[in-house]
Structure formats: C-alpha cells, structure tokens
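S.K.: could you look at this predicted model? Sequence included:
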Amino acid sequence: MKINDESVVEIVDEFGVVDYNYFACICDPKNEEYWKLALQEYTESCETDPVSMLIMDLHHNYHATVESIGCDLWFGISLNAGTGHWNVSKGEFEIEKECRLFIQCDEISHGLLAATMILKELGYDQDE
C-alpha cells in the first residue's frame, strides 16, 4: 500500500498482531504540497481545528485510539484500531480484526490524516 507514492510498511509479529509504519514527511516541496492539499480537502467542512476533527474521525469511524504522541526532530504517533460488532447477548464489543499504526510526521495533522487514509484502505472504515 502507498500514500503519496510512499510505502506503508506492514509487519506481522509472532502473535499475529499487524503493525503498519509510515512517515508523512514534508521535507520535499512536492510532499509538502501533497499534505497541504490533502489536509485542506479533508477539512473543507471542518468547524473545529483539524487535529480535533481527525481524532474524532479516527475514534468514531475507525474505532481507533491515539495511544501516544512523542517528538524529537519530528513527531511519532502510535494508534490502535479494531473492527468488530456489539454482541447484545454478551453486552460487549467483539473485535474481529485489529492493528497498530506507527506514524512519523513533521506535523501532527498530517500524521493523523495519514492514519485515516491507511485505515480506510485496510477496510477499517465503520461507514463502509
């Protein structure tokens, strides 16, 4: 899978947990323009700041949670996502598939937007 011609790296551990790694970098002017336009398109109907909107989208549409955001020269975001259904008889959410994402980015909003793109491509979109 690719976003903006950059590969999303998939790693499966010995327990079957799938990790996806991606770097939403804007060091190159072409990449900077890509992320600027992608974020602009995403936030056209936004009535709040983009980071809040993206986190709400990740939570409500992809059952994803942002586990951590760290930084040094750039940012690192880790997320967990899952799909499943509510089991009425058990009174609990049953997970059918789950994954972890590790996104490196120059801007938090670009990393969160990349996470929504990856999860949509993987079929985690709850609206589909």
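M.R.: It's in. Keep in mind it's a predicted model, so treat the numbers as computed, not measured. Numbers count the residues shown, from 1 in each chain.

S.K.: let me see the contact set for Leu79.
M.R.: 58, 64-67, 100-101, 103, 115 (Cβ atoms under 8 Å, 6 or more residues apart in numbering). Just so you know, the C-beta spots here come from the backbone N, C-alpha and C atoms, and that holds for glycine as well.

S.K.: helix or strand for it, which one?
M.R.: Applying DSSP states H and E as the criterion places Leu79 in strand 75-87.

S.K.: identify each buried residue in that strand, please.
M.R.: For strand 75-87, burial by neighbour count (16 or more other Cβ atoms under 10 Å) applies to 75, 77-79, 81-83.

S.K.: that one pairs with which strands, parallel or anti?
M.R.: According to DSSP bridges, strand 75-87 forms sheet pairs with strand 64-71 (antiparallel), strand 92-105 (antiparallel).

S.K.: now tabulate these in CSV and tack on mean pLDDT, distance to Asp19 and mean neighbour count.
M.R.: Below are these laid out as CSV (pLDDT from 0 to 100; distance: least, Cβ to Cβ, whole Å; neighbours: other Cβ atoms under 10 Å):
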stretch, mean pLDDT, distance to Asp19, mean neighbour count
strand 64-71, 96, 12, 14
strand 92-105, 90, 5, 16
